[in-house]
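Asks: structural data only, the sequence is not supplied:
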């Protein structure tokens with residue numbers, strides 16, 4: 001797949017996420033997909049590593065359970081033949097206590113297999129504000 005094809009796949013995943021279309025997201029993922037653990041793993045329920053379609057479905061359930069997404073926009077896409085890095089801006093509220101959390105630079109790196117399916121996702125962000133809000 002080309003870098004442009006991979007960018008379009010990632011854009012389609014974000015669009016499916018924004019309309020809460022789990023099936024459209026999962027169809028773009030390899031059966032053995034791995035989402036690596038995020039900063040805050042061990043304390044933040046949705047930050048742990050996930051494997052396979054059922055693991056991703058569980059991740060989506062946890063996000064819906066704990067987070068009210070206010071802003072999730074993609075600012076930039078950087079691509080190669082098998083990876084897409086996305087700079088996001090994200091703001092949400094924690095359902096457990098109403099605390100707002102802002103990520104001006106939330107980076108996700110999507111890695112593709114030879115069939116054009118996502119085989120790995122890694123994200124990076126500063127968890128300081130999230131951990132403080134979660135602990136309240």
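Replies: It's in. Remember, it's a predicted structure, so these values are computed and weren't measured experimentally. Numbering: from 1, shown residues only.
Asks: which residue comes closest to residue 26 once chain neighbours are left out?
Replies: residue 53 (5.2 Å; CB to CB, 6 or more residues apart in numbering). The way it works is simple: take the backbone N, C-alpha and C, and place the C-beta from them, glycine included.
Asks: residues contacting the one you found?
Replies: 26, 29, 31, 33 (CB atoms under 8 Å, 6 or more residues apart in numbering).
Asks: what are the contacting residues of stretch 75-90?
Replies: Contacts of stretch 75-90 (CB under 8 Å, 6+ apart): 1-4, 6-7, 9-11, 14, 69, 71-74, 102-113.
Asks: again with stretch 14-29
Replies: Here stretch 14-29 has contacts from 9, 12-13, 53, 56-57, 60, 64, 72, 74, 86, 117-119, using CB under 8 Å, 6+ apart.
Asks: average pLDDT across it?
Replies: For stretch 14-29, the mean pLDDT works out to 96.
Asks: before we move on, back to that, ok, which pair from the contacts of residue 53 is furthest apart?
Replies: 26 and 31 (9.9 Å; CB to CB).
Asks: picking up where we left off before, and the residue nearest to residue 26, which of the three is it?
Replies: helix (DSSP: H, G, I helix; E, B strand; the rest coil).
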